[in-house]
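Asks: Sequence and predicted structure, then a few things I'm wondering about:
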Amino acid sequence: MWKRLTLLWVLVRGDARQLWFALRHPQAPAWLKVGTALVALYLVSPIDLIPDFIPFVGYLDDMIIVPLAIRWLLGRLPPEIAAAAAARRAG
């Protein structure tokens, strides 16, 4: 189970970095900035699908929705921005 959580963390961290690089790209579209702000707002907002004060289950929706939203945003990037962000992420 810890291996899976570690792998999930590595994937989410990599996707978050790629999204950060795409946001900083000079040609980043406005919808990307708005979408990223909405994902960040959802992450820190006290209003969730499942309240965070419920042990474990409250954070489970954050652990599922946020990575899926990041992947969804990355999947809709214009090709030149996606390529530049992937190249920057690779090193």
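Replies: Received the coordinates, thanks. The structure displayed is predicted, hence computed values, not measured ones.
Asks: Confirm for me that Leu60 is in contact with Ile50.
Replies: Yes: the criterion here is C-beta atoms under 8 Å, and Leu60 meets it with Ile50 at 6.9 Å. Yep, even glycine has a C-beta here, placed from its N, CA and C like the rest.
Asks: Could you tell me which residues touch both of those two?
Replies: Residues touching both Leu60 and Ile50 (C-beta atoms under 8 Å, 6 or more residues apart in numbering): none.
Asks: Could you point out the longest helix of this structure?
Replies: Ranked by residue count, the top helix of the chain under DSSP state H comes out as helix 2-24.
Asks: For that one, list every residue counted as buried.
Replies: For helix 2-24, burial by neighbour count (16 or more other C-beta atoms under 10 Å) applies to 15-16, 18-19, 21-23.
Asks: Likewise for stretch 41-56?
Replies: Using 16+ other C-beta under 10 Å as the test for burial, stretch 41-56 gives 42, 48.
Asks: what about Ala87, helix or strand, and which?
Replies: helix 79-90 (DSSP states H and E).
Asks: whoops, Ala40 was the one
Replies: Element membership of Ala40, judged by DSSP H and E, is helix 30-44.
Asks: what about the protein, any weak spots by pLDDT?
Replies: Along the chain, the parts satisfying pLDDT under 70 run over 1-5, 7-8, 52, 89-91.
Asks: coming back round to it: check which element follows the helix holding Ala40 along the chain.
Replies: Helices and strands here follow DSSP H and E; after helix 30-44, the next one along the chain is helix 57-75.
Asks: which helices and strands sit right next to that following helix?
Replies: Counting contacts by 3 or more C-beta pairs under 8 Å, 6 or more residues apart in numbering; DSSP states H and E, helix 57-75 packs against helix 2-24, helix 30-44.
Asks: now these in JSON lines, with distance to Phe56?
Replies: Output for the helices and strands packed on helix 57-75, formatted as JSON lines (distance: least, C-beta to C-beta, whole Å):
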{"stretch": "helix 2-24", "distance to Phe56": "13"}
{"stretch": "helix 30-44", "distance to Phe56": "17"}
